[in-house]
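*Asks:* A structural model of the following input is requested.
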Amino acid sequence: MVSAKSYVDLISGLKRSEETLLKAVEALQGRVHTVAARLLFADMRLTIARHAYIFEEIMNVLKESAPVNLWDARIQTSVDKLVVRRELEKHVELEDATLRDMEKIIALTTDEAIKLLLTHIANDIKEHHKAVQLIIKRNYAF
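*Replies:* From the prediction side, this is the model:
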């Protein structure tokens, strides 16, 4: 079994790599010559920053306790599981409405850059749906 310190060290290395990559992408974004390329780099920059943030959060969790199955680790709080489940389901409904609108625009646009960016965002929303469904299944199934 890998120790908490070893996990923190490994994740810390990943975070540093993402931070280095972020600086490189920021520099490139300012040097490209088309709006589409700059928008794609903006998306990359945000994704890389999100990864670095997630790595930081993982390290914070690991610093608090030894690695365990994080689905089994509980946060001490008073939670009405039914209320949380309904809020998660409402979140999916709101994203579904956004996804439907986005897919209409994707179908209508002839601008390949907009189509590419919106398709990428739509795929992110679909991944969010999978994550929320997994959360509901693992934590709020009745």
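*Asks:* could you list the domains of the chain?
*Replies:* Listed domain ranges for the chain are 1-70, 78-142 (source: automatic domain parsing).
*Asks:* and the last one, average pLDDT?
*Replies:* So the one you mean is domain 78-142. Over the span of domain 78-142, the pLDDT mean works out to 93.
*Asks:* for the most centrally placed residue in the chain, give its distance to D80.
*Replies:* In the chain, the C-alpha nearest the mean C-alpha coordinate belongs to R50, at 6.5 Å (C-alpha atoms, centre = their mean). Counting by C-beta to C-beta, to the nearest Å, the separation of R50 from D80 is 29 Å. For glycine as for every other residue, the C-beta is placed from the backbone atoms N, C-alpha and C.
*Asks:* list the buried ones in stretch 49-60?
*Replies:* Along stretch 49-60, the positions that meet the burial threshold by neighbour count (16 or more other C-beta atoms under 10 Å) are 51-52, 55, 58-59.
*Asks:* report the distance from the lengthiest helix in the chain to the chain centre.
*Replies:* Longest helix in the chain by number of residues (criterion: DSSP state H): helix 35-64. Centroid separation for helix 35-64 versus its chain: 8 Å, with C-alpha atoms, centre = their mean, to the nearest Å.
*Asks:* name the next helix or strand downstream of it, please.
*Replies:* With elements assigned by DSSP states H and E, the helix or strand that comes after helix 35-64 is helix 81-108.
*Asks:* and that next one, what does it pack against?
*Replies:* Helix 81-108 is packed against helix 112-139, with contacts defined by 3 or more C-beta pairs under 8 Å, 6 or more residues apart in numbering; DSSP states H and E.
*Asks:* the helix it packs on vs helix 35-64, what angle?
*Replies:* 20 degrees (axes from the mean of the first three to the mean of the last three C-alpha atoms, to 10 degrees).
*Asks:* compute the inter-axis angle for helix 112-139 and helix 81-108.
*Replies:* Orientation of helix 112-139 against helix 81-108 (the same axes, to 10 degrees) gives an angle of 160 degrees.
*Asks:* now helix 112-139: how far from the chain's centre is it?
*Replies:* On the basis of C-alpha atoms, centre = their mean, the separation between the geometric centre of helix 112-139 and that of its chain is 9 Å.
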